[in-house]
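S.K.: Okay, structure incoming, though there's no sequence with it:
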C-alpha cells in the first residue's frame, strides 16, 4: 500500500473531530489535524483520538492546509498520497478508500469527492453553495474545457503532484486553486461520488452571509485570474 497521510483543517470542531478521526480507514499512516486557532477543545479531543495536532494561529482554510504541508515536508519519509478532509463530519471518512482507489489502481493524479445530489442529505449544502459550485465548475468548463462538477473539500492527490502546484491560497480559494493549477499542469483527474451529511455545528463559510460572499468572490477571482493568463 502507498503511504497515505490525511490533513484535516479544524476550527472549533470539538464535537465532531473524534468521530472523523475514528472513522478514517487504517490504511492511513498518519492523521494530521491542524488546529486553526480554535477556542474550544478541538486540540485536546484530536490528540486524545490519536491524531498528530499542529497549531496554526492565522485563521483561514488555506493557512491550515499549508501548515499541514509544511509539517509533511519536514518529515524524512514523504507520503505518496495526501488526502484533505474536513473536520465537521459532513464527509464520510470511511469513503477514503474509494477516493484513493483511482490513484492506486489507475495512476490518476487528483481525485475530487463529488457531492452529487442523490448522495447529499437534505440541507447539507445551502442554495448559495450549490449555485457557487455550479457557476465555478461551468466557468472552468467554459474557459479550460474542464469536466469538474464540484469543488468538494474531500480530495486526494499524489504528494509529488501537489508540490508541483505550489499552493498559496490562505483562505477559501484553496480548493479551486488546486483544481485550476491541476488543469494548468495537465494533471490527470477524476471525480468519485461521495456521501455528504449535515455537518456537526455551524459552518464557518456557508453559515454566514459574510462567509458565503467572501468565499464566492475568492473562488471567482481565481477562475478569472487564470482565464486572463490563458
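M.R.: Everything's here; your move. Worth saying up front: this structure is predicted, and the values here are computed from it rather than measured. Residues are numbered from 1 along each chain as shown.
S.K.: pLDDT weak spots in the chain?
M.R.: Counting by pLDDT under 70, the chain shows low-confidence ranges at 202-216, 227-230.
S.K.: Give me the nearest residue to the most centrally placed residue in the chain, chain neighbours excluded.
M.R.: Closest to where the C-alpha atoms of the chain average out (CA atoms, centre = their mean) is residue 153, at 3.0 Å. Spatial nearest neighbour of residue 153, chain neighbours left out: residue 86 (5.1 Å); criterion: CB to CB, 6 or more residues apart in numbering. No exception for glycine: its C-beta is placed from N, CA and C like everyone else's.
S.K.: show me the contacts for the one you found.
M.R.: Applying CB atoms under 8 Å, 6 or more residues apart in numbering, we find residue 86 in contact with 8-9, 20, 153-154, 199.
S.K.: Which helix or strand contains it?
M.R.: Using DSSP states H and E, residue 86 sits in no helix or strand.
S.K.: measure the residue lying closest to residue 219 once chain neighbours are set aside to residue 152 for me?
M.R.: Nearest residue to residue 219, sequence neighbours excluded (CB to CB, 6+ apart): residue 176, at 4.8 Å. The spacing between residue 176 and residue 152, counted by CB to CB, to the nearest Å, is 11 Å.
S.K.: ok, which stretches of this structure are helices?
M.R.: 17-22, 42-48, 61-73, 96-106, 127-144, 159-165, 174-184, 209-229 (DSSP state H).
S.K.: Can you list the buried residues in the first one?
M.R.: This means helix 17-22. Using 16 or more other CB atoms under 10 Å as the test for burial, helix 17-22 gives 17-21.
S.K.: Let me know the closest of those residues to residue 111.
M.R.: Nearest to residue 111 out of the buried residues of helix 17-22 is residue 20 (CB to CB; 18.8 Å).
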